[in-house]
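Trainee: how would this look folded up:
(4 chains)
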2 protein chains.
Amino acid sequence: MTTGTTGIRHPSLIAWMHLMRVYSKMQHHSSDHLDDYDLTPAQFEVLAHLSGSQGISQQSLAEKLLVTKGNVCGLIDRMSAQELVERRADPEDRRSNLLFLTGKGVELASAVIPAHEQYIVQHMEALSPEEQRTLGALLRDLDKYLDHH
Amino acid sequence: MTTGTTGIRHPSLIAWMHLMRVYSKMQHHSSDHLDDYDLTPAQFEVLAHLSGSQGISQQSLAEKLLVTKGNVCGLIDRMSAQELVERRADPEDRRSNLLFLTGKGVELASAVIPAHEQYIVQHMEALSPEEQRTLGALLRDLDKYLDHH
DNA sequence: TATTGTTATACTCTATAACTATA
DNA sequence: TATAGTTATAGAGTATAACAATA
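Mentor: Below you'll find the model as predicted:
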């Protein structure tokens, strides 16, 4: 972004610049935090997604994470080596694996997710609850819009 | 995020979830766009930062990009191999390099940055100019807050 | 034919840490 | 001593593309 000395910029560029910075700073700090649990941000996302919907396929997870199925394969390889996740055969489609958290995975998720949420809540305290709702609503609209554009 | 079946969530968690999604989707699409110019997102950021302030040191660039000086060194290695950027000795501190765009770098920046900005403006059209300003103001406040927390 | 998952390949980004040269 | 940059190492994440098994 940073168009240098340009005085006037489109409001959307300003919004995007700050969005990128907020994202980077939050990810940066939060990845320190995830280090305590030996999780990378991508692995945390897997944990969080599976926590919400166990038994999905690798393909389905790939779509949610916006990465390829090849990536998910490697990600699950690493996480199942750590015994956080397991693949189970899908009785209805023998091509497919269904993904589940192990006991250890559930335990880790139940520790790291609340801690992570608390971390986010704390860092968003710069904004009032009302502002947080406004921000959420604007970003939700943008999020939905980006699905068709 | 995705706390699964939980009904009530803190407004900041909703905002953060959508912020992550918006960021991911925008980056994903925009990285296709940058591919046309043979640029990675990180390289684009270098181009954009140098466009705004030529003659900064590698250390200073590292701080702006929120990465280590070792990363910047490799990044500049790759970009100077492509003749987009050059290192010049700092006459006032012989430890330091000052970074400049080459003619080719300036040319590329002057093509890719406006195209990229146009891309962002288009994708933010989901929101009215007024909403974009509101979003920008909220994210700016959050951005500043995160510098001290 | 199309889809799920796997594998092979390659590259970028990233961090850490030790090193050199300057300050 | 401290700082700027370099280098070596290592690992994760990512994409692409070809492949096998199954639908």
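Trainee: which residues touch A:Tyr119?
Mentor: A:29-30, A:33 (CB atoms under 8 Å, 6 or more residues apart in numbering or on different chains). Yep, even glycine has a C-beta here, placed from its N, CA and C like the rest.
Trainee: which residue ranges form the helices in chain A?
Mentor: A:11-35, A:41-52, A:58-65, A:69-81, A:103-123, A:129-147 (DSSP state H).
Trainee: Buried ones in the last one, by neighbour count?
Mentor: What that stands for is helix A:129-147. Neighbour counts over helix A:129-147 (16 or more other CB atoms under 10 Å in any protein chain shown) mark A:131-132, A:134-143, A:145-146 as buried.
Trainee: restrict the contacts of A:Tyr119 to those near chain B?
Mentor: Restricting those to those touching chain B (CB under 8 Å from any CB of the partner chain) yields A:His29.
Trainee: ok, now which ones touch the residue most central in space within chain A?
Mentor: Residue closest to the average C-alpha location in chain A (CA atoms, centre = their mean): A:Glu45, at 4.2 Å. Counting by CB under 8 Å, 6+ apart, A:Glu45 touches A:Leu65.
Trainee: Quick check: which of the helices of chain A is nearest to B:Asp93?
Mentor: Closest approach to B:Asp93 among the helices of chain A (CB to CB): helix A:11-35, 28.0 Å.
Trainee: In terms of secondary structure, what does the closest one contact?
Mentor: For helix A:11-35, the packing partners by 3 or more CB pairs under 8 Å, 6 or more residues apart in numbering or on different chains; DSSP states H and E come out as helix A:41-52, helix A:103-123, helix B:11-35, helix B:103-123, helix B:129-147.
Trainee: mind putting those helices in JSON lines, distance to A:Ser96 and mean pLDDT included?
Mentor: JSON lines is the format used below for the helices and strands packed on helix A:11-35 (distance: least, CB to CB, whole Å; pLDDT from 0 to 100):
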{"stretch": "helix A:41-52", "distance to A:Ser96": "15", "mean pLDDT": "97"}
{"stretch": "helix A:103-123", "distance to A:Ser96": "20", "mean pLDDT": "96"}
{"stretch": "helix B:11-35", "distance to A:Ser96": "25", "mean pLDDT": "94"}
{"stretch": "helix B:103-123", "distance to A:Ser96": "34", "mean pLDDT": "95"}
{"stretch": "helix B:129-147", "distance to A:Ser96": "40", "mean pLDDT": "97"}
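Trainee: closest to DNA strand C out of those?
Mentor: Nearest to DNA strand C, of all the helices and strands packed on helix A:11-35, is helix B:11-35, at 9.7 Å by CB to the nearest atom of the strand.
Trainee: need the buried residues of helix A:129-147 in CSV with distance to DNA strand D, can you?
Mentor: As requested, the buried residues of helix A:129-147 are exported to CSV (distance: CB to the nearest atom of the strand, whole Å):
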residue, distance to DNA strand D
A:Glu131, 30
A:Gln132, 27
A:Thr134, 29
A:Leu135, 24
A:Gly136, 24
A:Ala137, 27
A:Leu138, 25
A:Leu139, 20
A:Arg140, 22
A:Asp141, 25
A:Leu142, 20
A:Asp143, 18
A:Tyr145, 21
A:Leu146, 16
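Trainee: quick one, what contacts A:Gln82?
Mentor: Counted by CB under 8 Å, 6+ apart, A:Gln82 has contacts A:Asp38.
Trainee: Over to A:Leu139?
Mentor: With CB under 8 Å, 6+ apart, A:Leu139 has these contacts: B:15, B:18-19, B:21-22, B:135.
Trainee: re the thing from before, quick check: which of the helices of chain A is nearest to B:Val67?
Mentor: helix A:11-35 (9.4 Å).
Trainee: Now that closest one: buried residues?
Mentor: Buried residues in helix A:11-35, defined by neighbour count with 16+ other CB under 10 Å: A:11-26, A:30, A:34.
Trainee: That helix and DNA strand D, any residue contact?
Mentor: No: judged by CB under 7 Å from any atom of the strand, helix A:11-35 makes no contact with DNA strand D; its nearest approach is 9.7 Å.
Trainee: got it, and stretch A:59-76?
Mentor: Yes: Stretch A:59-76 reaches DNA strand D (CB under 7 Å from any atom of the strand) through A:65-68, A:70-71, A:74-75.
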